[in-house]
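In: Fold the stuff below for me.
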Amino acid sequence: PTDPSAVYTLLKRSQMIAEQVGQREVDIVLDEAIFAKGVEIIWDKQEEFKNVVLRMGAFHTAMVFLSVIGQRFADAGLTDIWIEADIVASGSISGVISGKHYNRAMRAHKITMEAMERIRWEQFCMESQLDSNECKNFLNDIEEAKKNITNESVQQLTEKESTRRIFDKYEIFCDEDRGELDKFWDSYIDMVD
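Out: Predicted coordinates for the structure are as follows:
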C-alpha cells in the first residue's frame, strides 16, 4: 500500500468518487505510512490534487503525540521513574517512549499523570487558603460519590458550592508561576490530559 503508484491511484480514485457525488473536496484519512507517501505526491503535484485534504487517522495521530511526549520528557527522568516503579520493563522502554507500544504508553502516561496530579493536589491543600476540614470534607464527598457512581451523583458533587469553590481555587493554583520545573511538569500533565 505504500507504493507511490498505489497511493497515486488511491488519490485519483478518491477524487473521482468525490466528483461523482458532487463534492468539491475530498477528505482522505490514512495511516501514518500511507499518509507520508500521499503528502509527498501532493507536494509534487499540488495543482492536480488541490481539492484533496489528507489526514492521518486518529490512532496514528495519537501514536505520534505519544512520541512527542516521550521525546520531550524521557531525558527528564521519566524513563527512570517508569523502570524503577515497574511500570515499564527496561526492554520495552524505547517502544513506549516512541509511542509504538500504544497500550503500554497510554497506561504509563496515565499512571504518571495521576501521580503528578496527586502530588500537585497535596501541594495545593498545604499551600492554599483552604482549611484542612474543607479539603477533608471534599475528599469525603468524593469517597461517598465513588460508592454509587451515577451521572446524578457526579452532577450533585460538581454542583455543590463548596466543590466549585475548591475547583476554582485549584485552577488558580495550577496557573500560578511556581518556577520553571513546575511549569515543565505541568506541561506534561496538560499534554497527557
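In: Strands of the protein, residue ranges please.
Out: 26-30, 52-56 (DSSP state E).
In: residues contacting Pro4?
Out: With contact taken as C-beta atoms under 8 Å, 6 or more residues apart in numbering, Pro4 is in contact with Lys37, Glu40, Ile41. Placement of C-beta: from N, CA and C, glycine included.
In: Can you find the helix or strand of this structure with the lowest average pLDDT?
Out: helix 132-147 (a mean of 81; mean pLDDT, DSSP states H and E).
In: then that one to PDB, C-alphas only?
Out: Output of helix 132-147 as PDB, limited to C-alpha atoms (Å, rounded to 0.1, in the frame of the first residue of the first chain):
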ATOM      1  CA  SER A 132      -7.900  21.200  56.400                       C
ATOM      2  CA  ASN A 133     -11.600  20.500  57.100                       C
ATOM      3  CA  GLU A 134     -12.600  21.800  53.800                       C
ATOM      4  CA  CYS A 135     -10.100  19.500  52.000                       C
ATOM      5  CA  LYS A 136     -11.200  16.600  54.200                       C
ATOM      6  CA  ASN A 137     -14.900  17.300  53.500                       C
ATOM      7  CA  PHE A 138     -14.300  17.500  49.800                       C
ATOM      8  CA  LEU A 139     -12.400  14.200  49.800                       C
ATOM      9  CA  ASN A 140     -15.100  12.600  51.900                       C
ATOM     10  CA  ASP A 141     -17.700  13.800  49.400                       C
ATOM     11  CA  ILE A 142     -15.700  12.200  46.600                       C
ATOM     12  CA  GLU A 143     -15.400   8.900  48.500                       C
ATOM     13  CA  GLU A 144     -19.200   9.000  49.100                       C
ATOM     14  CA  ALA A 145     -19.800   9.600  45.400                       C
ATOM     15  CA  LYS A 146     -17.500   6.700  44.400                       C
ATOM     16  CA  LYS A 147     -19.700   4.300  46.400                       C
END
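In: residues making contact with it?
Out: So helix 132-147 is contacted by Cys125, Ser153, Val154, Gln156, Leu157, Lys160, Ser162, Thr163, Ile166 (C-beta under 8 Å, 6+ apart).
In: want to throw those residues into CSV with distance to Phe49 and pLDDT?
Out: Converted to CSV, the contacts of helix 132-147 look like this (distance: C-beta to C-beta, whole Å; pLDDT from 0 to 100):
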residue, distance to Phe49, pLDDT
Cys125, 56, 81
Ser153, 52, 82
Val154, 47, 83
Gln156, 53, 84
Leu157, 51, 85
Lys160, 55, 85
Ser162, 57, 83
Thr163, 52, 84
Ile166, 53, 87
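In: Out of the residues you listed, list just those in helices.
Out: Among the contacts of helix 132-147, the members found in helices (DSSP state H) are Cys125, Ser153, Val154, Gln156, Leu157, Ser162, Thr163, Ile166.
In: tell me, how many neighbours does the residue nearest to Leu66 when sequence neighbours are not counted end up with?
Out: Leaving aside its chain neighbours, Leu66 sits nearest to Gly99 (3.3 Å; criterion: C-beta to C-beta, 6 or more residues apart in numbering). Other residues near Gly99 come to 21 when the count uses other C-beta atoms under 10 Å.
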